[in-house]
Each structure stands twice: as structure tokens, then as C-alpha cells.
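K.L.:
What would the 3D arrangement of this be:
(2 chains)
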Amino acid sequence: MSVTYLEAIREAQTKLLRDDERVFIYGQDIAGKFGGAFKATKGLAEKFPGRVLNTPISEDAMVGTAIGAALEGMRPIVEMQFADFSMIAVNQILNNAGTHYYRTNVPVPITVRLPSGGTKGSGPFHSQSMEGLYSHYPGIVVMTPATVEDAYTMLIDAVAIDDPVVYCEHKYLYYHLKANALPKESFPVGKARVVRPGRDLTIVTYSAMVHEALAVANELCKDGFEIEVVDLRTVKPLDTPTVLASVARTGRLLAVGEAFPFGGVAAEVVARVAAEGFHLLDAAPARINAKDTPIPYHPNLWTEHRPNRKTMAAKARQILAE
Amino acid sequence: MLQTAQHGKKSSSKKAAPKSAVHERFLEAFRWMLLARILEDKLRSLYRGGMIVGGVYLGRGQEAVSAACGMFLEKEKGDVFGPLIRDQAGRSAFGEPLLDVARTYLGSVKGPMRGRDGNIHRGRPRENQLAMISHLGAMIPVMVGRLLAKRMKGEKGFVGLTTLGEGGMQTGASHEGLNIAAVEQVPLVVVVTNNHWAYSTPNEREFACANLVDRAIGYGYEGHKIDGTDLNECLEVIETAVKRARAGRPPQLVVAETLRLAGHGEHDDASYVPQEMKNQPFAQDPVARTEKFIQDNGLMTRDALQQLRTEIAKQVDEAVATAQQEDAPHAREEDWRAVSTQRLIDKPSI
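P.N.:
Numbering: from 1, shown residues only, chains lettered A, B, ... in the order given. Take a look at the predicted model:
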């Protein structure tokens, strides 16, 4: 038996609906036989009547409604059809949910699922990675699972957390990533994981780029370089100690993120290492992001717009040569 | 105390109330209006005296419609109130203590917002009073979510009431919120007060329909139009709307006409309001109009009215004096945490 990243998300939601009557799922096209644009809720509406609800095309109101329900003691999960459309709900997520605990001492336990990241041909409005944007604001936990196991356990963790969680699930991983079985135990939320040990260079990344980084590490291994790969798992809070410990071992840093370059998670990793671990560095820290243009439609452009194995390997070699 | 004493006397849910009960209810509403007016006059002078930082936003001119909004909600039935910027009368009628107002405006650590947020953003979400954000329309779906969740939990007989202005009704969030409430068929009353000025912008630059109540049909609501300066009408119509929502009718939209008898905030002299508008029927002062009605109909003696004023002023002064003696927040004692989960606090430095 094998389980995909998407199936892990569906299974996590099945478990949550089964085990916790406070949980309901709210989103566009998620109910009925259709089961969502990506089928993350397929079969759930029939299995859990009245708890998987279709909404109008109203992202702001979807999250607003979830906030109200959370204040009544529920644990709503909002499915955005694409991360890009959560822009319409930014006010509710950041200004309403994100400020609520600080202002009123009452936390808002909502989980907002964002089908994120690029896939071939999806273009500027169905490809975005928004973890940097949500991390910029206070009051939000931002998760970016890179594995089937994390996709499963972190979604269950997200719903258990009393604070608002933005859960960025990568669309490219939905079908491409498979595991043998669902995990029985979870790695703690907020902790990064060293997914490949090394001694020459640390690549810090998250979500789909973890797999690109592992491929680059394998490639450079042939030339005798041992690359350490750190999967952040949650980008906020950012596990600075694990990152610094890795840089202490390798002396070199490459931070990679699929989001746009200005500000953001990769920039934050570089800033923290430069500020807190400058003495650990044997070379200037570097980062790779997508290019600073809208995400292009055509695969010829798209594959060069985002970080890829080629650009990552070239940058890694450059840092290693310093 | 006026607030507790009056709160027990609600006769809102009784059918075909006898005349004395109608009078009693009318006078109760008037007391909330007067409380709001006297309290807000105090806030105004505190602001002018430099005692309040940030803004002061008054409900002057909207006391009748706002009081009616709070009058028919019953916490014991699970009702939820989502007040907005000009709802002092409604907040008080719903049960907000005077101290919450004084403490929030004066930044006391003992207030519900503990100096972290101010003025009209205060709320007590656990006691069914939402804490509004400034972005207009955002609280409508939050109310919808509370009502939806109550239904999911098997509660019955509750209702939610939230308010909005004619300016706030023009946001995308308001449209989404009003629509989703009807889609979910939650027991909701939305009271829109058209006070003719969205900050400095008049109606003709805010909307182009004949009357905002016409939108009720478009959203699948039952619509009601009222003179927001006429307390009798406000009470009758909002009571009806609350009853209908409670009984499972579609969401209710009430649109009241008033004039904002103050600036947007106390920093604004509202010099853009033309004199001829101030002579319109909707520009009447609802507090003065109600007081005149009370005297014309012998519902209260002049002495009793004066005594009421004195009593309210004393309560307001006491609340302000108490808040003024309390500690302001200290940056060193602040925990600077925006998430409640200790292990998930992000630390940029190690």
C-alpha cells in the first residue's frame, strides 16, 4: 500500500472529522461528489453530513465565518481553492485572526489550507507561494510540509493548535510524492529537520524545494561534496537554532524558497544566520528565490522562473568555491 | 446601579405588551441613549483635554437606533452583538459595563484590551460582544460564523445582530458577508445606519441605489426602513426584525436614516456638512426628540429627568475616575506575544 501527499491530507481530514466533533471544513467546491478542485475532501461530505460545506466564491467571508465559528469553540478548516485566492482573505487572516489573541486575549483556532506553489502551465494566478507574506505578520503559524508524513501529522497538529495556522500544501507534491504508510508519530511543530547530513554546505529550504535540494545534494555528492539539507517544516516559527547548528557544521549557507525574492523566508534565514552566526560562516551566505516577475505560464519560462536543480547546483558550487 | 437595575427589567420578548410595559421599554431605551450621550460628552472633553490618545468616535445622532439594537438581544439566549463605531447606546444596552469604556479609552491594563487596542475596538468575545476591527464589513461573516457554529452545536433560539454604516456597506467584505449569511440562513439582523457621511463623503459618492434597503431583495433578506431619530419606530421595527430572525425567517436588513451629529472622530470638525442638511427631518437629535416626547406625554417629570441625568453623570464620572487611577501598560511588563501557544513563538534572535 502506498499513500500520496494529497491522500495524506485527505486522511488527516478524515481522522479530524471522525475524532473531533468541533471540526468542519469550509470551502469552494469541496462538498458533494466533486470533493474539491484537487479532491482533498473527496468522499468526506457523504461520510460526515453537514460538516463539509460548500461556500460561495467569497474568500473573505469564508475566513470571517471560520473566525466566528472558532470563537464559538469550533475548529474550522478553510480550504482555499488556490493559495493565490487567499489574497482576498488576507484582511480576515492577518488583521482579524492574526490580531485577535493579542487584542482580546482570546485565540482564534482556525486552519487555512493553501494549495500552493507552481505546476506546469498554471500561470500567474494559480501558482503562488505565500508563506513569506503570511509569515511577515504577527499572530500566525505558517506550515510548509515537504513530505507525506508531515502533510498528515502537521495538518492534525494545525487543527489542535489554539492559534491561526496557515497550512501551505504544495500542489506539485500532491501526486508526485508517495510514502508506504501514514505515520504513527509526529515530529514536533516548530522544529526543523535535518533531512540529509553533510559537512560542506547547508541548504535550508522547505516544501517542494526540499526535494530539489536533495537532488542537488546527490549530484554534488559525485564531486565529493557533502551537502546538508535542512527542511524548515514550519517557516513561522522559524527554527533558528537548528539552522545555526547546521551552519556551525558546514560553514556555508544557501537558503532556497519558491516565493518571490523581496523579503520572505529565504531572506529571513540569511538575515538570521548573518546576524546570529556570522562567525560560523566561511563564505558569504546566499539565497535563491523565484524571479521578481509574475509567474509565467509557458513551461519554458516557468522552469527558469522558479529555483531549479540547475540554478541551485550552480549557486552551491559557487559558494563551495569561495 | 442603573445598568444592572435596568438590565433585569427587559420586557422585549413579551408579545402584545401592555401599555405600561411599552412605556417602560421606551424609557429604558431612553436611559441607554442618555447614558451614551452623557458618557460620550465626557469622552469628548477628556479628548479635548488631552487625556485620551488616538481617536474618540461618537454615536451622537444614532443613539435611538443603537439603543434599539442592544435592547432586544438576550445573552441568556445565546445572542451575539457585533457593534461598530457608533454603538455606545447599543453596547450599554447589551450589558457592556461603563468601566470597559473608560478603561479602554484611557488605556488601563484592567480593561478588556489592556492598552493593546483602544476606543471602539473593544469587545468581549467570550461574553458574546465582538471586538471589531477597523476594516468595514469584516465583522459580518464573523457573526455568521458564530451563528453557524451555534446551530452546529445544537443550540436553538439565538440571534445575532450586527451594525454597519452606509459607507461600510460599500466594501467587498460587506457584500461577501451579507451574501454568505443568507446562503447559510443564519438568524441574523443587520442594522445599517445611513448617517449621510462616510467620514467626509456624502451618499452620492457612496452608492447609487434609491435606498440601501432595496438591497434586501437582492440578498434575499427581509428589509425594513426606519427614521433613526424616532425611538418608537426604532424599537418597534428592530424588535420585529429580531423576532423574525429568531423565528427562523431569512436574515433581516434594517436601514435607519440619521445625521451624524459629530465629526467622524473628535479630530474632525465636520465643516463639510452643509447647513441645509442640518434642517432635514433625519437631522433631528434623537435624544432631544425623545426627551421632548417624554415630557409632552408626561412619561417622566422634569425633576425625574434631571435626577436621571445627575445619576448617570455620577456613574460616568466614577467609571472615568476609577480608570484614571489604574495602571497604564508598561512596555517592560508586556509579554509581546501574538500567539497563545508558548512553544510556537518565533524568536528572531537566539
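K.L.:
For the rest of this, base every contact and every neighbour count on C-alpha atoms.
P.N.:
Will do.
K.L.:
Now do the helices in the stretch 251-350 of chain B.
P.N.:
Assigned by DSSP state H, counting those that start in this stretch, the helices in the stretch 251-350 of chain B fall at B:275-278, B:286-296, B:302-325.
K.L.:
let me fix that: the stretch 51-200 of chain A
P.N.:
In the stretch 51-200 of chain A, the helices defined using DSSP H, counting those that start in this stretch lie at A:59-71, A:90, A:98-104, A:131-136, A:148-160, A:173-176.
K.L.:
and among those, the most buried is which?
P.N.:
Ranked by mean neighbour count under mean count of other Cα atoms under 10 Å in any protein chain shown, the helices of the stretch 51-200 of chain A are led by helix A:59-71, which reaches a mean of 30.
K.L.:
for that helix, packing partners?
P.N.:
Counting contacts by 3 or more Cα pairs under 8 Å, 6 or more residues apart in numbering or on different chains; DSSP states H and E, helix A:59-71 is packed against strand A:23-27, strand A:75-79, helix B:139-152, helix B:172-184.
K.L.:
and the second one, anywhere near chain B?
P.N.:
Translated: strand A:75-79. No - residues of strand A:75-79 are not located near chain B by Cα under 8 Å from any Cα of the partner chain, the shortest gap being 9.6 Å.
K.L.:
Return the set of buried residues in that strand.
P.N.:
By neighbour count with 16 or more other Cα atoms under 10 Å in any protein chain shown, strand A:75-79 contains the buried residues A:75-79.
K.L.:
Please apply the same query to the third one.
P.N.:
Within helix B:139-152, the residues that count as buried by 16+ other Cα under 10 Å are B:139-150, B:152.
K.L.:
Now residue A:230: which helix or strand?
P.N.:
Element membership for residue A:230, per DSSP states H and E: strand A:227-231.
K.L.:
neighbouring strands for that strand, and are they parallel or not?
P.N.:
strand A:193-196 (antiparallel), strand A:201-205 (parallel) (DSSP bridges).
K.L.:
what's the model's confidence in it, averaged?
P.N.:
Mean per-residue pLDDT for strand A:227-231: 98.
K.L.:
mind checking how far it is from the chain centre?
P.N.:
From the chain centre to the centre of strand A:227-231 is a distance of 17 Å (Cα atoms, centre = their mean, to the nearest Å).
K.L.:
do stretch A:294-313 as well
P.N.:
Chain-centre distance of stretch A:294-313: 19 Å, with Cα atoms, centre = their mean.
K.L.:
before we move on, what about stretch B:163-178?
P.N.:
So, by Cα atoms, centre = their mean, the centroid of stretch B:163-178 is 16 Å from its chain's centroid.
K.L.:
send the alpha carbons of it over as PDB?
P.N.:
Included here for stretch B:163-178 are C-alpha records, laid out as PDB according to Å, rounded to 0.1, in the frame of the first residue of the first chain:
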ATOM      1  CA  THR B 163     -24.400  47.100  12.700                       C
ATOM      2  CA  LEU B 164     -22.900  48.900   9.800                       C
ATOM      3  CA  GLY B 165     -22.900  52.400   8.200                       C
ATOM      4  CA  GLU B 166     -23.900  53.400   4.700                       C
ATOM      5  CA  GLY B 167     -20.100  53.800   3.900                       C
ATOM      6  CA  GLY B 168     -19.200  50.400   5.300                       C
ATOM      7  CA  MET B 169     -21.900  48.800   3.300                       C
ATOM      8  CA  GLN B 170     -19.900  49.600   0.100                       C
ATOM      9  CA  THR B 171     -16.900  47.300   0.900                       C
ATOM     10  CA  GLY B 172     -16.400  44.000  -0.800                       C
ATOM     11  CA  ALA B 173     -16.300  42.300   2.600                       C
ATOM     12  CA  SER B 174     -19.800  43.600   3.400                       C
ATOM     13  CA  HIS B 175     -21.100  42.100   0.200                       C
ATOM     14  CA  GLU B 176     -19.500  38.800   0.800                       C
ATOM     15  CA  GLY B 177     -20.700  38.800   4.400                       C
ATOM     16  CA  LEU B 178     -24.300  39.800   3.700                       C
END
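K.L.:
does any bit of the following helix or strand past the strand holding residue A:230 sit next to chain B?
P.N.:
As assigned by DSSP H and E, the chain's next helix or strand after strand A:227-231 is strand A:234-236. Yes - part of strand A:234-236 sits close enough to chain B to count as contact by Cα under 8 Å from any Cα, namely residue A:236.
K.L.:
Note down every partner strand of strand A:234-236 and its orientation.
P.N.:
Sheet partners by DSSP bridges: for strand A:234-236, these are strand A:141-143 (antiparallel).
K.L.:
Quick one: mean pLDDT over the strand it pairs with.
P.N.:
For strand A:141-143, mean pLDDT rounds to 98.
K.L.:
distance of residue A:113 from chain B?
P.N.:
Distance from residue A:113 to chain B, counting by Cα to the nearest Cα, to the nearest Å: 18 Å.
K.L.:
Show me which positions of the strand holding residue A:230 end up buried.
P.N.:
Using 16+ other Cα under 10 Å as the test for burial, strand A:227-231 gives A:227-231.
K.L.:
Skipping its backbone neighbours, what lies nearest residue A:200 in space?
P.N.:
residue A:250 (4.7 Å; Cα to Cα, 6 or more residues apart in numbering or on different chains).
K.L.:
The one you found touches residue A:198, doesn't it?
P.N.:
Yes - between residue A:250 and residue A:198 a contact is recorded at 7.2 Å, counting by Cα atoms under 8 Å.
K.L.:
who touches both of the two?
P.N.:
Counting by Cα atoms under 8 Å, 6 or more residues apart in numbering or on different chains, the contacts common to residue A:250 and residue A:198 are residue A:228.
K.L.:
So between the two, which is more surrounded?
P.N.:
Per other Cα atoms under 10 Å in any protein chain shown, whichever of residue A:250 and residue A:198 has more neighbours is residue A:250, with 22 against 19.
K.L.:
Residue A:287 touches residue A:256, doesn't it?
P.N.:
Yes - contact between residue A:287 and residue A:256 holds when scored by Cα under 8 Å: they sit 5.6 Å apart.
K.L.:
Look at these two and report which has more neighbours.
P.N.:
Each of residue A:287 and residue A:256 has its neighbours counted (other Cα under 10 Å); residue A:256 has more, 28 against 22.
K.L.:
ok, back up a step: show me the two of the buried residues of strand A:75-79 that sit farthest apart.
P.N.:
A:75 and A:79 (13.1 Å; Cα to Cα).
K.L.:
So for chain A, which of the helices of the stretch 251-350 of chain B sits nearest?
P.N.:
Across those, chain A has its closest neighbour in helix B:302-325 (18.2 Å, Cα to the nearest Cα).
K.L.:
Relative to the whole chain's centre, how far out is the closest one?
P.N.:
In terms of Cα atoms, centre = their mean, the centre of helix B:302-325 is set 20 Å apart from its chain centre.
K.L.:
ok, now stretch A:132-148?
P.N.:
Distance, centroid of stretch A:132-148 to centroid of chain: 6 Å (Cα atoms, centre = their mean).
K.L.:
distance between the ends of it?
P.N.:
End-to-end distance of stretch A:132-148 (Cα to Cα, to the nearest Å): 22 Å.
K.L.:
How about the contacts made by the most centrally placed residue in chain A?
P.N.:
Centroid-nearest residue in chain A: residue A:144, 1.9 Å away (criterion: Cα atoms, centre = their mean). By Cα under 8 Å, 6+ apart, the residues touching residue A:144 are A:131, A:167-170, A:206-207, A:232-235.
K.L.:
cool, residue A:216 as well?
P.N.:
Contact analysis of residue A:216 by Cα under 8 Å, 6+ apart lists A:309, A:312-313.
K.L.:
6 Å - rerun?
P.N.:
A:309, A:313 (Cα atoms under 6 Å, 6 or more residues apart in numbering or on different chains).
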